[in-house]
Structures are given as C-alpha cells and as structure tokens.
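Trainee: Show me how the following folds:
(2 chains)
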Amino acid sequence: MSTETSLRDLLRIVIVGHVDHGKSTMVGRLFHDTGSLPEGKLEAIQAMCERRGMPFEWAFLMDAFQSERDQGITIDTSQIWFKSAQRDYTIIDAPGHREFLKNMITGAANADAAVMLIDAGQGVQQQSRTHAYLLQLLGVRQIVVVVNKMDLAGFAADRFAEIETTYRQYLADIGLQAAHIIPVVARDGDNIVTPSERMTWYRGKTLVEALDGFVSVGDLTSLPLRLPIQDVYKFDDRRILAGRVLSGRLTVGDRLLFSPSNKTARVASIEAWSAPAKTTAVAGESIGITLDEQLFIERGDLASHEDATPIETNVFQGRLFWLPNEPLQPGASYRLRLQTREVPVTVQEIKALYDVEQLTSAPSDIVPHHGIADVVLRSQAMLALDRLEENPKTGRFVLTDGVNLVAGGTISMDGYPNQRQLVTIRSSNLTEVEHTVTHANREQRNGHRGGVLWFTGLSGAGKSTIAMAVERELFRRGFQVYVLDGDNVRRGLNANLGFSPEDRAENIRRIGEVAALFADAGMVVITAFISPYRSDRQRARNAAHGTFHEVYIKADLAACELRDPKGLYRRARQGEIGNFTGVSAPYELPEDPELVVDTQVQSVEACVQQVIAYIERKFRA
Amino acid sequence: MDPLDRLESQSVYILREAFNQIDRLAMLWSLGKDSNVMVWLAKKAFFGHVPFPVMHIDTGKKFPEMYAFREKYARDWHLSLITDDCPPVEETDASLPPAARSAARKTLGLKNAIAKYGFNGIIAGIRRDEESVRAKERVFSPRGSEGSWDFRQQPPEFWDYFNTNLPAGTHLRVHPLLHWTEIDIWRYIRREQIPIVDLYFARDGKRYRSLGDQDITSPVASTAVTIDEIIAELEGTKTPERAGRAMDRETEDAFERLRAAGYM
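Mentor: Presented below is the predicted three-dimensional model:
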C-alpha cells in the first residue's frame, strides 16, 4: 500500500451557466490567481489575442479549438487541474450555449460540485434554469452561485440581492440549495481568491474559500451491495466474474444473489494481480471474484446480498432528459442500459413533459429536443434496478439509439410494483404429479373445454355486471362455470392484501393461479378484476397454459366516473382512497385482447350476448 | 480507497468495457511511461494477462534504449507484440509545419496498421492534462474511416456509459488514462514499481520528461535521478510536460490539426 503523504483530496468542479455569462473567463482568473497557470501559457494566450487584434481573453485557456477561439464560444467540455492551498481540483468547463447541451451534460455528470455563473446585468436566464434543473437530474448537489460582471452593475448590493432572491427561490423549487452566492468580477479577480475592495458590503466567502468547503462525492459503502457483472474471464483455470462494486461491501464467504436470474452462490475468493491478497472489497473498486459453485452468470447480472435485493420489474417510470433533435414518441424502441445490462425497451407512455422555466408539467404526445419528461418504459425481459432514492447508481439509466446515448434518466417506480416476489419460486424439490383423469375425459363429460375468460377494464366499466349475467346464462345452457369477482376474493383468499402496487400484483397473481386450476378442472372461469398491469395479465396468461382469453371490458375514464356505481371515483378524487386506478394509479390498456366488449356503445344485454357467442364458438367441444 | 486506487479502478473499468464490447482490439505501446502504466493496468484488469495485441507504431527514430526496453518487456510481460513501420515524411500533409509533419508519420503508420489488421478499437494512453485539445476528448472516441476526429460533433458520454457501438467503417479510440495527470502517473509507477526507460532520469543535468522521436523531442534541465526526485520536481514546476515536444507549438492550431487527422 502507498506510504505517501503528498496524496491530496481531489474535487471535480463543473462550471455552468448561460452563454456569455463568463464561465471560461472565470476559470482563467481562478487559475491565474491560485498560481496554477503553466509557464508560457499567459504569453501564448496573449499572442493568440494579438493575432486576432482583440483584448486579452481568459477564455482561450480552455477554448482549445480554433473554431472556439474564432467564434468566441465554448463548444465542447474541457478539463483542467489546479490547486488551492487546501487541495487539488479538476475544473470541468461546460458550454453554456443551448446547442451544446449534450456537451454540458457530458461535463457536469462527472462533477462533485458545480459553480453556476449568472451575469449581474442579464440576471437569471434560460440556461441558468435549465442547467440547474439538469444538475439536479444528474445528481450534483453541491452548488455555489457566482454573480459575475458586478462592475457592469455598478457593484450595487441591491442588484445582487435581487438576483440572489430570485435564484434561491428557483433552486428551492427544484429541490436544490446553493451553499454560497458570491458577487464577483471574474475578469479582474474580485472575490475569486482575494476579497473585493470594490464590494465591501459583501462579507461572505471568496469563490476558492467556498470550493474548499465542499467534499468529494460520498462513499457508497454504507448502502446495500450492488455489483453488476461486467464480464466473465477464463484466461486460466480460474473462472473470474469481473465488475465494479457500485455500492456496499463484499466479503469472501458472502452468499450473493444474482438478479434477475435469482441464482445464488458464495464468494470463494477475491482475485487480483500484483496486489496484496484481500478478503473484502468496497464501493468503487473494480474487482474479480470466484464462486463456490459453477453458475451460468453473464454480463448484466446484478449481484446483491439476499437480504437487500434490487427491484425486479419489466416496466418502470423514469424522468429523463432527451438529447436528439428528433422527438421521443410513445411506441418507439430504444436500447436501455442499466449499468452493464443492455436490453430493448419500448416507450409505453409519456406521462408528463416539464417546463423548466415555469416549473410546470403537462401531458404531451412527444418529448422534444432537450425536453425533460416522465416516461414509462417497458422491456420484454425482467430488469433488476433500484429507485433513485435507494441508490444513486442503480437508480439511473440511459437510452441509446444503437450507436449513441440519446437520453439519461432517474428511476422512480411511481405506481409500478416490485415483481420479485411474484417470480420467485421459494420451494425446491418440487415434482409435478400427473392426473389420471385427462382433459379429454373432462371435456367429454362436460361437453365443453375448460378455460379462463379474463375480464379487464376500469372500475365501473361493467366487468362484474356482465360476468354475473354471462355466468347465469352459461349455467342455464349447461356449462360448468364460475365467476371469480374482485371484492369476493378479497374477503377470503386475498384478505391479507391491500392496494399498494405490490399487493395488487400479488392479488392478481393468486387469481391467475386459481383461475388456471379451475380451467384445468374443466370449468369455464370468468374473472372480473381491474388488473391494471400488463405484466400481471401476461403472468395469468402464462399460468393458464393456452386456455386464456383476455376480454377488454371497454369504457373510458370519463364514462366510468360518471357511472361511479360504488361512489369510489368521488372518494378517490377527494383523496380518501389512494392508488385508485385511472385517478392515482396507472391502467395499462390491453395490447391485443381476444375480445373487446364496448360498454359505452352497447347495452348490457348486447354485451352479454357478445360474450356468450364468443364462448359458444371457442369452448364447445 | 486512496486517490491512486480510484484512478486505477476507473482505468480497469474502461479497459474491461473495451475488451467486452470491441472485437479486434489493440493497445498502442509507445514505450513511454504512460503506455507502460497502461500495459500494467491491462494486466491488473485481466489478472496478469494482456488479452489483445500490443502495437508499436515505429517511426524508426526512437532512442536505442527504447528498442532494448521493448524487446525485454514484450518477453517478460508475455505481450503479443506487433511492430509496424511508418511511411516516409514525404507522404504527410505538406501544409503542416516541419515537426508536426514528422509527428504526422505516426498517424499514417497507425492508419495503415488499422487497415492491415482490421482493428475496430485502439487503446491509447493520452491524458487530458497533457494538452488542451486532448482535454476535450471522450473516453470512447469514435473515428471516421480515415481515422479522423470530428471534434465538433462528439457524442455525449456520462455516468460511465460509453458509446461502444460503432457504425461500419469507423473505429473507436479508447483512452483509459484520460483522467490521470503526469504526477499521478509517477506516483503510480513508484507505488507499483513499474519499469521505465532510463532516459527519464537526469544525466549531465538533463532528463527527458516526455519521450517522442529523437529529432523532435528535447530534454529539460533536471537533477532528478530517482522517482522520488522526479515527483518532488513535478510538485514544484510550472513548466508544461510537453515543453520539449516541438510539434505542439509551431503554430496555434498545429496540434489540433494533427489530432483532427487522427494523431493520438
């Protein structure tokens, strides 16, 4: 291990703000005043300026491209190192021009802290707000605000106070807080390293003092273990799983659970080359491990401990920023990347588009260039992830178009359940026993096949009414038939379940399994449940082994709310009932139902006849 | 984790991403201190192995000590070594200044080698702190079919999600040392005891701080004869590392033009 004393803390600072508010100039001054400029650099910049017949321009320190210097604008992000008396810094300069937002994000996403520049004359501008909003999404929480060009505002304390009040309010509204707000003249160095003699009314910290007060981004070792598998190596007789520990701690002997495959094994060793042997690894380390059994593990699997697992789901809600010129649209497919996992996803829905100026949100059919929106993404495969509040690493995702990154976002599950409990078989040593009474025997006696008619639709759409009428008519016609109804089942079989997304999913899982047993017994079973999630209905379909018929009892929200037979909508609107489908929880429309029964255009009697006719056609032997 | 552990972990992560995502990958080995650190990091990442070819694009103008170093460590480190020559200076862009033209031979040599072996990814040991144009680089940096760098249209890269899928006819430059500084390199060499050529140590009051071709690299005044002394010297200096590299400063945009055309 290192014995050096000279290794100092490194803090990465991004400089952001509206175009022309003086970001590059401030970086130049910061370097000059802390004595961090390399030899000859000042002279080189002077020469560049003379060649262009212009006054000295600090921005040329980081604007390395000829086109940046010629146009006087920062195009791409850059990094440069400097030292204060306290520690070392990496300065990340980010372009302020709207056109180069992707480069701003590239720079800012790597920062521990941010310096936001605001021009004293122009005040808070569009990118002052957009950049702050993006910092929030990117996870940069330490911010110092610098009100620049105070000389052009006559060093006026009241102008400074005005900007301070406006901007503090904006930051508070988006959940950020500035550690300091400092009046400066970057070009002349006022309040950069030395306190300004021209603004003696300001008694706060200088910029460098403020930066020295920040800390490097937190160590995630105290969070639950998350180790995404990056690769599996077999260069010699060892089979090594390689990856970087994102959070938590891993020790030899720990039992790991790999999601979403849900296999488990113990850590046999931590492997390394030319390094002391070790038995523990912590967040941030790129490691290699071997297991005590040979499991089929591949890139993209997420290892955790068994008692603190990630969420498993194939649908989630996220807030994303959208980079391409072409808008994001529902139905479009992208590649989702969750750490080392990469799978195709479809944009199921755009829930809300944000206006970062007014801080309002509204429904939208598209997410435009540089838009920020809440969207629902769905994949075929099961995903392992966390909510952002639980884990800043596994709570983030990006989308690619197959070549480049097109979006980045944070994960909230808002209304969507963790499906882990639903897909985990807890018992082992299970053996399937064959019946000696066959399906054909049952069909012959009953005169019809068994199967599931799965009614889905909003509360008030008419599921129970139609189901009960169909049951009566089928019974009259000699069918073995039974209705599983929502409220009835919740009194018994599912009495221990509430209405949280997880409980609703479990409710439907049990109904699906029970319905499948009825169908297997040769009966026609009709289920009448809202069953709002596609994944749940798909699981019920899988349970019924080919005898499943999805019936969409169709009526829109307005119609159902008008009917409101149980007074539930009224109570949901008044906030008395939470997680109410259509009001405060999602309803995912059937994608390709076997039958659509429209209760808005037909009478109940006609709807019943439509279902009966379908059953006669599909179930008669 | 101390700062060197963090640098190492990030580089290992980058190398593993490159190895997983890019088929037909090679690492450039200029025989200098940075590329030795890079080979060392590959051995860290792949548990003592370097699972791709290591390529020396030879201008024929390296110092004799460097060729001897190459033969010894290619053997000791079990490297799969490729050496390819560079075309003569006459074939380079005649509008470039003289030292830049000399450096541009390496760009042509690299371009030829990429075509010859069909590499889709080239790992190069550049660092952001070396030069302000390099400071703008991405970790995974796409190149046109001619090896050119479209620096005005660089793709976004954040949260360590690298752009690894590339359109046909292009290749990726991978930069695992981009986040390191010169002094980090020396501190890591000291900690890991990584071999380097003797030219970095002072002889007769001079040492090479950066090693390029003999004709366009000059030594700097120094009395540092140990790694500790080199680190102490760097902690006090304000002279930029590439002060001894002629091609960086011949004209204002010489280096930018070299890099746009595919220079490392």
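Trainee: Contact partners for the residue sitting nearest the centre point of chain B?
Mentor: Nearest to the centroid of the C-alpha atoms of chain B, with distances taken as Cα atoms, centre = their mean, sits residue B:125, at 3.2 Å. The neighbourhood of residue B:125, defined by Cβ atoms under 8 Å, 6 or more residues apart in numbering or on different chains, consists of B:28, B:30, B:32, B:34-35, B:37-38, B:175-177. (C-beta placed from N, C-alpha, C; glycine too.)
Trainee: Restricted to helices, list those.
Mentor: Counting by DSSP state H, the members of the contacts of residue B:125 that fall within helices are B:34-35, B:37-38.
Trainee: quick check, nearest of the residues you listed to chain A?
Mentor: The shortest distance between chain A and any of the ones in helices among the contacts of residue B:125, using Cβ to the nearest Cβ, involves residue B:37 and amounts to 12.8 Å.
Trainee: Test my guess that that closest one contacts residue B:188.
Mentor: Yes: because the distance of 5.9 Å satisfies Cβ atoms under 8 Å, residue B:37 is recorded as touching residue B:188.
Trainee: Now do the shared contacts for these two.
Mentor: Common contacts of residue B:37 and residue B:188, defined by Cβ under 8 Å, 6+ apart, comprise B:180, B:194.
Trainee: More neighbours: those two, which one.
Mentor: For residue B:37 versus residue B:188, the count of surrounding residues by other Cβ atoms under 10 Å in any protein chain shown is larger for residue B:37: 25 against 22.
Trainee: circling back to that earlier point, for the ones in helices among the contacts of residue B:125, work out which two are farthest apart.
Mentor: When these are compared pair by pair using Cβ to Cβ, the farthest-apart members prove to be B:35 and B:37, with a separation of 7.2 Å.
Trainee: Contact residues of the stretch 151-300 of chain A facing chain B?
Mentor: Near chain B, the residues belonging to the stretch 151-300 of chain A are A:230-231, A:233, A:235-236, A:238, A:240, A:242, A:244, A:271-275, A:282, A:284-286, A:288, A:299 when assessed by Cβ under 8 Å from any Cβ of the partner chain.
Trainee: make it 7 Å
Mentor: Taking Cβ under 7 Å from any Cβ of the partner chain as the contact definition, the stretch 151-300 of chain A meets chain B at A:230-231, A:233, A:235, A:240, A:242, A:244, A:271, A:273-274, A:284-286, A:288, A:299.
Trainee: Please list only the buried members of those residues.
Mentor: Members of those that pass the buried threshold by neighbour count (16 or more other Cβ atoms under 10 Å in any protein chain shown) are listed as A:230-231, A:233, A:240, A:242, A:244, A:271, A:284-286, A:288, A:299.
Trainee: Closest to residue A:149 out of the residues you listed?
Mentor: residue A:284 (39.7 Å).
Trainee: Report how many residues lie close to the spatially closest residue to the closest one that is not a sequence neighbour.
Mentor: The shortest distance from residue A:284 to any non-neighbouring residue, by Cβ to Cβ, 6 or more residues apart in numbering or on different chains, is to residue B:1 (5.2 Å). Residues lying near residue B:1 (other Cβ under 10 Å) number 15.
Trainee: For residue B:1, pull up the helix or strand it's in.
Mentor: Using DSSP states H and E, residue B:1 falls within no helix or strand.
Trainee: now the one 5 residues further on
Mentor: In this structure, residue B:6 is located in helix B:3-21 according to DSSP H and E.
Trainee: contacts for that helix?
Mentor: Applying Cβ atoms under 7 Å, 6 or more residues apart in numbering or on different chains, the set of residues contacting helix B:3-21 from outside is A:2, A:7, A:10, A:230-231, A:242, A:244, A:284-286, A:299, B:25, B:41-42, B:44-45, B:51-52, B:121, B:123, B:139, B:160, B:162, B:164, B:174, B:176-177, B:179-180, B:184, B:187-188, B:191.
Trainee: Restricted to helices, list these.
Mentor: Going by DSSP H, the helices hold B:41-42, B:44-45, B:184, B:187-188, B:191 from the contacts of helix B:3-21.
Trainee: Kindly indicate which of the residues you listed lies nearest residue A:527.
Mentor: In terms of Cβ to Cβ, no member of these lies closer to residue A:527 than residue B:45, at 53.7 Å.
Trainee: in the stretch 1-150 of chain B, what spans have low per-residue confidence?
Mentor: For the stretch 1-150 of chain B, not a single residue meets the criterion pLDDT under 70.
Trainee: Can you pull the residues of it lying near chain A?
Mentor: With Cβ under 7 Å from any Cβ as the criterion, the stretch 1-150 of chain B meets chain A at residues B:1-4, B:6, B:9, B:12-13, B:16, B:20, B:43-44, B:46-49, B:51, B:128-129, B:132-133, B:135-136.
Trainee: just the buried members of those residues?
Mentor: Buried members of these, counted by 16+ other Cβ under 10 Å: B:3-4, B:9, B:12-13, B:16, B:20, B:43-44, B:46-47, B:128-129, B:132-133, B:135-136.
Trainee: Could you check stretch A:118-135 against chain B for contacts?
Mentor: No: interface with chain B: stretch A:118-135 contributes nothing (Cβ under 7 Å from any Cβ), its closest point being 10.6 Å away.
Trainee: Can I get the helix holding residue B:6 as CSV, trimmed to CA atoms?
Mentor: Only the C-alpha atoms of helix B:3-21 are listed here, as CSV (Å, rounded to 0.1, in the frame of the first residue of the first chain):
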residue,chain,number,x,y,z
PRO,B,3,-6.7,8.6,-5.0
LEU,B,4,-4.4,6.2,-6.8
ASP,B,5,-6.8,3.3,-6.1
ARG,B,6,-9.6,5.3,-7.6
LEU,B,7,-7.7,6.2,-10.8
GLU,B,8,-6.7,2.5,-11.2
SER,B,9,-10.2,1.3,-10.7
GLN,B,10,-11.6,3.7,-13.3
SER,B,11,-9.0,2.6,-15.8
VAL,B,12,-9.6,-1.1,-15.2
TYR,B,13,-13.3,-0.5,-15.7
ILE,B,14,-12.6,1.3,-19.0
LEU,B,15,-10.3,-1.5,-20.2
ARG,B,16,-12.8,-4.2,-19.3
GLU,B,17,-15.6,-2.3,-21.2
ALA,B,18,-13.4,-2.0,-24.2
PHE,B,19,-12.4,-5.7,-24.1
ASN,B,20,-16.0,-6.8,-23.7
GLN,B,21,-17.5,-4.5,-26.3
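Trainee: so it versus helix B:33-45, what angle?
Mentor: Taking axes from the mean of the first three to the mean of the last three Cα atoms, to 10 degrees, helix B:3-21 and helix B:33-45 form an angle of 70 degrees between their directions.
Trainee: Of the ones in helices among the contacts of helix B:3-21, which is the most crowded?
Mentor: Across the ones in helices among the contacts of helix B:3-21, the neighbour count under other Cβ under 10 Å reaches its highest value at residue B:45, namely 29 neighbours.
Trainee: ok, that one to residue B:114 distance?
Mentor: 22 Å (Cβ to Cβ, to the nearest Å).
Trainee: same question, residue A:602
Mentor: Relative to residue B:114, residue A:602 is positioned 68 Å away (criterion: Cβ to Cβ).
Trainee: So for these two, which sits in the more crowded spot?
Mentor: Using other Cβ under 10 Å as the criterion, residue A:602 and residue B:114 rank with residue B:114 on top: 23 against 15.
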